[in-house]
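K.L.:
Quick one, what's the 3D model for this:
(chains A and B)
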Amino acid sequence: MTVDIRKQEGVTILDIEGRIIGSDSLALKNIIDEQVDDAKEGNANILLNLADVRMVDSSGLGIIVASYTAVRKKGGRIALLQPGGNIRSLIVMAKLVTVFDRYEDEGEAIASFYKSNN
Amino acid sequence: MAETILAVDDDIDILELIQMSLTAEGFDVITANDGMSALEKATAYSPDLILLDLMMPVMDGFEVIGKLRAETQTRTIPVIMLTARAQTHERVQGLHAGADDYVTKPFDLDELTARIEAVLGRTRSTKYINPLISTMGDWFTEEGVEQLASHLETAAVIQQNLIPQKAPDLSGFDIAGFLRSSMTVSGDFYDFIPLEDNRLGIAIADVRGKGIPAALLMVMIRTILRLICREETSPAAVLKRINDLLAIDTDPDLFATMVYGILDSAAMTFTYSSAGHCYPLHLKNGGAQVDELKMGGMILGTFDHAVFESETIPLAPGDELLLYTDGVTEAERKSDETFYGEERLSAILQSNSDQPAETLCQTIETALFDFSGTDHRDDDVTIVVIKVKDGKE
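P.N.:
Numbers count the residues shown, from 1 in each chain, chains lettered A, B, ... in the order given. As a prediction, the model looks like this:
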């Protein structure tokens, strides 16, 4: 797994590539935690770009859930961009479709942060 | 799980050589070519062992060891130094600084592997209690670890006693459970609870995370389940009460998935609800069809607003129910990075439907071994099989 971080219009976008399984989960959690810590109170806007993620296991999903709660505590929102393959079925199985906002288009995803903040 | 080794050297050729040979030995190898990135990767990946070149520009190996030992998260990771043959003084200095062993360059790859195995063998037992070590902070001593290890063994025994010691006896059914833990203490559990009117409560759960925090949450869930399962009439209500208690009492990061169902031998039904758990499989129509049981609600313990629904399915002679945790479907074949998956599981259920429940559990475990090529599991594996006898037995 590799993660690139970019900021766009006040939204921190994590471009994740590869697989999020086993020890990758811990590494991803550290990266997300750092971004949440750095964010201003009430402004933890995180978009996980999963377009290039091939495979996620249950611990990977666990980290995404943990990030959701961390972001909520700080005051902010986490959204998923292009969750494909098995992560989509994991989210459905965990009945989390109503928890995570999912987007196919990056522009639309970024705009959504401003709708929900205002 | 393959153990992860972080190799640190400023010589790219040596790094490549190490990576190639240790990967062939079955380790996961990550590399860093300077001290700074070594520290970053040690924190990010929590490797099981670090191979550290002492002579590096900017930040040398001694400084790296010092910084590793100063941080709670990295202080217990074993370090093997790579030193030049002549540097006796440095070797002593390195051992004083907290390195666990050394290998001299140019090194023999067999010797390197042997040293790694020896150091990992010494530290494996303590690795499992790292979650506690961070809370102990400066109190952490070797005696402390030994004491904890013995407590942990006691905990494991207590926990094993919470798992049903024998299959329940319910007229007309053949039932078996199987649990194999990837660690001393486990986050998985299953339970059989006799209820009145010839009914049986059946639970299977998987607590996210591993080791002691997961095991504690598992014990909490089992206790709540046992306390309330006779008060609530529907599985959905049982899960809702467990969820709400956990959501109040625990960190939202700690959560579990679970299926709770009631097997009614008089009505010949199974009423269940699933909290974000892997879908149980229902083999029916004489083995011709496998249904996924999807009714339920969210994962347990994270959302206080979670809602759950139950579903009742009719059972016929010859039907089978298979409940399992994701250690089964996520057993991995490393060679092509493929998970075992639901389709293979469903197929094995169909082709072995004539086996008794206990044999079927073993057949699945063997199939996982054949698939992944190893009996070393990343995750706990739990399987519960319920067979409706077809009258001939």
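K.L.:
Which helix in chain A has the most residues?
P.N.:
In chain A, with assignment by DSSP state H, the single longest helix is helix A:58-74.
K.L.:
So what touches it?
P.N.:
Under the criterion CB atoms under 8 Å, 6 or more residues apart in numbering or on different chains, residues A:20-22, A:24-26, A:28-29, A:32-33, A:36, A:39, A:41-42, A:44, A:46, A:48, A:77-78, A:80, A:87, A:90-91, A:94, A:96, A:99-100, B:206, B:208-209, B:252-253, B:255, B:257, B:299, B:302, B:326, B:330, B:379 lie in contact with helix A:58-74. Every C-beta, even on glycine, is put in place using the N, C-alpha and C of the backbone.
K.L.:
which residues of chain A fall in helices?
P.N.:
Along chain A, the stretches classed as helices by DSSP H are A:24-38, A:58-74, A:85-93, A:106-117.
K.L.:
Please identify the deepest-packed of those.
P.N.:
Among those, ranked by average contacts under mean count of other CB atoms under 10 Å in any protein chain shown, first place goes to helix A:58-74 (a mean of 21).
K.L.:
Distance from the chain centre to that helix, please.
P.N.:
Centre-to-centre, helix A:58-74 and its host chain are 8 Å apart (CA atoms, centre = their mean, to the nearest Å).
K.L.:
same deal with stretch B:304-313?
P.N.:
Distance, centroid of stretch B:304-313 to centroid of chain: 26 Å (CA atoms, centre = their mean).
K.L.:
end-to-end on that stretch?
P.N.:
Taking CA to CA, to the nearest Å, stretch B:304-313 runs 28 Å from one end to the other.
K.L.:
Let me see the mean pLDDT of that stretch.
P.N.:
Averaged over stretch B:304-313, pLDDT sits at 94.
K.L.:
Give me the buried positions along it.
P.N.:
B:306, B:308, B:310-311, B:313 (16 or more other CB atoms under 10 Å in any protein chain shown).
K.L.:
contacts for it?
P.N.:
For stretch B:304-313, with CB under 8 Å, 6+ apart as the criterion, the contacting residues are B:234-237, B:239-240, B:243-244, B:247-248, B:269-273, B:275, B:282, B:291, B:293, B:295-300.
K.L.:
now with 6 Å?
P.N.:
In this structure, residues lying in contact with stretch B:304-313 by CB atoms under 6 Å, 6 or more residues apart in numbering or on different chains are B:234-236, B:239-240, B:243, B:247, B:269-271, B:273, B:295-298.
K.L.:
and if you look at stretch B:56-74?
P.N.:
B:10, B:35, B:38-39, B:42-43, B:52-54, B:75, B:79, B:97-99, B:134.
K.L.:
re the thing from before, could you pick out the one among the contacts of stretch B:304-313 with the lowest pLDDT?
P.N.:
residue B:247 (85).
K.L.:
Give me the secondary structure label for that residue.
P.N.:
What DSSP: H, G, I helix; E, B strand; the rest coil gives for residue B:247 is helix.
K.L.:
for the closest residue to it other than its chain neighbours, phi and psi?
P.N.:
If the residues on either side of it in the chain are set aside, residue B:247 comes closest to residue B:304, at 4.2 Å by CB to CB, 6 or more residues apart in numbering or on different chains. With angles defined as degrees, to the nearest 10, residue B:304 sits at phi -70, psi -10.
K.L.:
Show me where the stretch 251-393 of chain B has its helices.
P.N.:
For the stretch 251-393 of chain B, applying DSSP state H, counting those that start in this stretch gives helices covering B:326-329, B:341-351, B:357-372.
K.L.:
With mean pLDDT as new columns, can the ones you listed be given to me in JSON lines?
P.N.:
Formatted as JSON lines, those follow (pLDDT from 0 to 100):
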{"stretch": "helix B:326-329", "mean pLDDT": "91"}
{"stretch": "helix B:341-351", "mean pLDDT": "95"}
{"stretch": "helix B:357-372", "mean pLDDT": "94"}
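K.L.:
taking the ones you listed together, which one is wrapped up most tightly?
P.N.:
helix B:326-329 comes out most buried of the helices of the stretch 251-393 of chain B by mean count of other CB under 10 Å, with a mean of 24.
K.L.:
List the contacts of that one.
P.N.:
Contacts for helix B:326-329 (CB under 6 Å, 6+ apart): A:58, B:278, B:340-342, B:379-381.
K.L.:
In CSV, list the C-alpha atoms belonging to that helix.
P.N.:
Extracted as CSV, the C-alpha positions of helix B:326-329 are listed here (Å, rounded to 0.1, in the frame of the first residue of the first chain):
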residue,chain,number,x,y,z
ASP,B,326,-13.7,-13.7,8.3
GLY,B,327,-10.6,-15.6,9.3
VAL,B,328,-12.1,-18.3,7.0
THR,B,329,-12.9,-16.2,3.9
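K.L.:
By mean pLDDT, point me to the weakest helix or strand of chain B.
P.N.:
Lowest by mean pLDDT, DSSP states H and E among the helices and strands of chain B is helix B:130-136, with a mean of 50.
K.L.:
right, and the helix or strand after it?
P.N.:
helix B:142-162 (DSSP states H and E).
K.L.:
ok now that next one, how far from the chain's centre?
P.N.:
The answer for helix B:142-162 is 17 Å, by CA atoms, centre = their mean.
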